[in-house]
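Undergrad: Can you look at this prediction? I've put the sequence above it.
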Amino acid sequence: MSICLSPSMLSIDFTKAGEQLAIVEGAGVPYLHLDVMDGVFVPNISFGIPVIQGIRKASHMVFDTHLMIVEPERYVEQFRKAGADIINFHVEATKDPAGCIAKIKATGAKAAITIKPKTPVEEIKPYLADVDMVLVMTVEPGFGGQKFMADQVPKIAQLAAWKKELGLSYDIEVDGGITLDNVRQVLDAGANVIVAGSAVFGKEDIAAAAKGFLDIFQEYEAR
Ligand SMILES: O=C(CO)[C@@H](O)[C@H](O)COP(=O)(O)O
């Protein structure tokens, strides 16, 4: 399974967004992680549908849209129309995760389900056969630049074990505090989609930061 980098837009310099998106795309980064926050599900507000629609025109990357909003099913069609390729919602944010997955898939987008650090990984087990990706948060959602929670790594390993045991093929994404120093920990546990905000867009040399991750991925893929 290939390993992908998904840099988080939350850490982009919005005054230079077009330029910085072109840098990561030019470096061969396949995904762009879009953190949508509503100020209710998480204590922060970021950006939403019009911004995604705007940057869609400037990028061919896979838009990996992480909805940190309550009742995400209300907005699935609009995010898809704006350009989302993957629609990622929190199991804690909806009363009907199965319905939300079905709604996402009906739009033609890939469906992904996410858990916060305090949520047991067992809560998403019933949905594993129906999703394209699972996302393990390694920080409390809401802000970039937080410290990686290493105690979440066993969840990644559990999801990798279930994937094998159940004969499934979902991607395992990890998000929060990932750096060049700790990325091997999550790759070793079985993650294959890596979100990094401050460790990519927060760096002076964005292309070199992205390359640092891509080189490690290449090393793992060659094993
Ligand atoms: O979803 C979130 C925060 O809620 C993340 O996507 C962060 O934005 C990642 O940023 P870093 O922790 O890598 O700086």
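TA: In hand now; what should we look at? Residues are numbered from 1 along each chain as shown.
Undergrad: quick one, helices of the chain?
TA: Ranges of helices in the chain, per DSSP state H, are 17-26, 49-56, 76-82, 97-106, 153-166, 183-189, 206-221.
Undergrad: Output these as TSV; include the columns distance to the ligand, mean neighbour count and mean pLDDT.
TA: Just so you know, the C-beta spots here come from the backbone N, C-alpha and C atoms, and that holds for glycine as well. Formatted as TSV, those follow (distance: least, Cβ to the nearest ligand atom, whole Å; neighbours: other Cβ atoms under 10 Å; pLDDT from 0 to 100):
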stretch	distance to the ligand	mean neighbour count	mean pLDDT
helix 17-26	14	17	97
helix 49-56	15	16	97
helix 76-82	16	19	98
helix 97-106	18	18	98
helix 153-166	15	16	98
helix 183-189	11	18	98
helix 206-221	11	16	97
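Undergrad: what about the ones you listed, which gets the closest to V121?
TA: Smallest distance to V121 across the helices of the chain (Cβ to Cβ): 4.3 Å, for helix 153-166.
Undergrad: dump the residue contacts of G18.
TA: A58 (Cβ atoms under 8 Å, 6 or more residues apart in numbering).
Undergrad: residue contacts, the residue in the chain positioned nearest to the ligand?
TA: Closest contact between the chain and the ligand, by Cβ to the nearest ligand atom, is at G197 (2.7 Å). Contacts for G197 (Cβ under 8 Å, 6+ apart) come out as P7, S8, M9, L10, S11, H33, D35, G144, G145.
Undergrad: try 10 Å this time
TA: Applying Cβ atoms under 10 Å, 6 or more residues apart in numbering, we find G197 in contact with 6-12, 33, 35, 139, 143-146, 175-178.
Undergrad: hang on, I69 packs against N88?
TA: No: with contact defined as Cβ atoms under 10 Å, I69 does not count as touching N88 (11.0 Å).
Undergrad: Give me the common contacts of these two.
TA: Each of V36, F79 lies in contact with both I69 and N88 under the rule Cβ under 10 Å, 6+ apart.
Undergrad: burial count for K95?
TA: Using other Cβ atoms under 10 Å, K95 has 8 other residues around it.
Undergrad: returning to what we had before: what about I69 and N88, which has more around it?
TA: Taking other Cβ under 10 Å, I69 and N88 do not tie; N88 has more neighbours (30 against 21).
Undergrad: Just the pLDDT at the more buried one, thanks.
TA: What the model reports for N88 is a pLDDT of 98.
Undergrad: Beta-bridge partners for the nearest residue to it once chain neighbours are set aside, please?
TA: Of all residues not flanking N88 in the chain, A112 sits nearest, at 3.9 Å (Cβ to Cβ, 6 or more residues apart in numbering). With DSSP bridges as the criterion, A112 is bridged to N88, M133.
Undergrad: Can you give me the neighbour number for A112?
TA: For A112, using other Cβ under 10 Å, the count is 24.
Undergrad: residue contacts, it?
TA: A112 neighbours (Cβ under 10 Å, 6+ apart): 64-67, 86-89, 101, 104, 131-135, 170-171, 173, 193.
Undergrad: tally of neighbours for M37?
TA: Neighbours around M37, by other Cβ under 10 Å: 21.
Undergrad: go on, the one 4 residues further on?
TA: Residue neighbour count, defined by other Cβ under 10 Å, stands at 21 for F41.
Undergrad: Please apply the same query to the one 5 residues further on.
TA: Around S46 sit 19 other residues, with neighbours defined as other Cβ under 10 Å.
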